[in-house]
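Enquirer: Take this sequence and fold it.
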Amino acid sequence: MIVLDASALLAYLFREQGYDIVESYIEQSCISTVNLSEVAGRFVRDGIDAEPLIYQIEQTAIKIVPFTQAHALHAANFIAQTQRYGLSLGDRACLGLAKEKHLAVLTADTAWSQLADIEVVQIRNS
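Expert: Predicted coordinates for the structure are as follows:
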């Protein structure tokens with residue numbers, strides 16, 4: 001099992017660089033509801049109804065994991081370590097889920113590779 005960052009799922013959905021790497025993990029992946037909201041927000045921002053998208057994602061093997069108090073605490077604890085990289089709450093929510101479940105994360109955000117606590121799988125080389 002691996003945790004999808006919003007950037008990874010968006011790359012997969014839009015067939016952007018690295019989507020094939022995401023595709024190879026998709027059957028064994030999970031995503032936080034916070035990151036799912038980020039993905040839906042991208043569609044809404046572009047004027048697209050996100051409800052059918054959420055329904056389609058619910059029909060896949062991707063496990064949607066509610067953002068819990070434990071994830072919130074892990075996300076908060078990442079602030080000091082990630083502040084210099086400008087990681088958002090969504091980024092830290094993804095990392096919090098990974099920390100809680102002892103999983104690696106799949107992302108397009110290269111700054112995450114600097115984190116010592118979490119295994120980070122990059123979907124893009126540059």
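
Enquirer: mind listing what's buried in the lowest-mean-pLDDT helix or strand in the chain?
Expert: Confidence across the helices and strands of the chain bottoms out at helix 79-82, with a mean of 88, counting by mean pLDDT, DSSP states H and E. In terms of neighbour count (16 or more other CB atoms under 10 Å), helix 79-82 has its buried residues at Q81, T82. Bear in mind the C-beta positions are built from the backbone N, C-alpha and C, glycine included.

Enquirer: hmm, who's touching that helix?
Expert: For helix 79-82, the external contacting residues (CB atoms under 8 Å, 6 or more residues apart in numbering) are D91, R92, L95, L115, D117.

Enquirer: neighbour-wise, which of the residues you listed leads?
Expert: Top of the contacts of helix 79-82 by neighbour number is L95, holding 28 neighbours under the definition other CB atoms under 10 Å.

Enquirer: who touches the closest residue in space to it that isn't next to it in sequence in this structure?
Expert: Leaving aside its chain neighbours, L95 sits nearest to F78 (5.2 Å; criterion: CB to CB, 6 or more residues apart in numbering). If a contact means CB under 8 Å, 6+ apart, then F78 has L87, R92, L95, G96, K99 as its contacts.

Enquirer: how about those residues, which pair is most distant?
Expert: L87 and K99 (13.4 Å; CB to CB).

Enquirer: Just the pLDDT for V3.
Expert: Among the per-residue scores, V3 shows a pLDDT of 98.

Enquirer: That one belongs to a strand?
Expert: Yes. Applying DSSP: H, G, I helix; E, B strand; the rest coil, one finds V3 inside a strand.

Enquirer: Roughly how far does it sit from T82?
Expert: Here V3 is placed at a distance of 15 Å from T82 (CB to CB, to the nearest Å).

Enquirer: Stretch 20-34 spans what distance, first to last residue?
Expert: This stretch, stretch 20-34, spans 23 Å end to end (CA to CA, to the nearest Å).

Enquirer: List of residues touching that stretch?
Expert: Residues outside stretch 20-34 that contact it (CB under 8 Å, 6+ apart): 1-4, 6, 8-9, 11-12, 39, 57, 60-67, 71, 89-90, 93-94, 96-97, 101, 103, 106, 121, 123.

Enquirer: residues in contact with Y12?
Expert: By CB under 8 Å, 6+ apart, the residues touching Y12 are Y19, V22, E23, I26.
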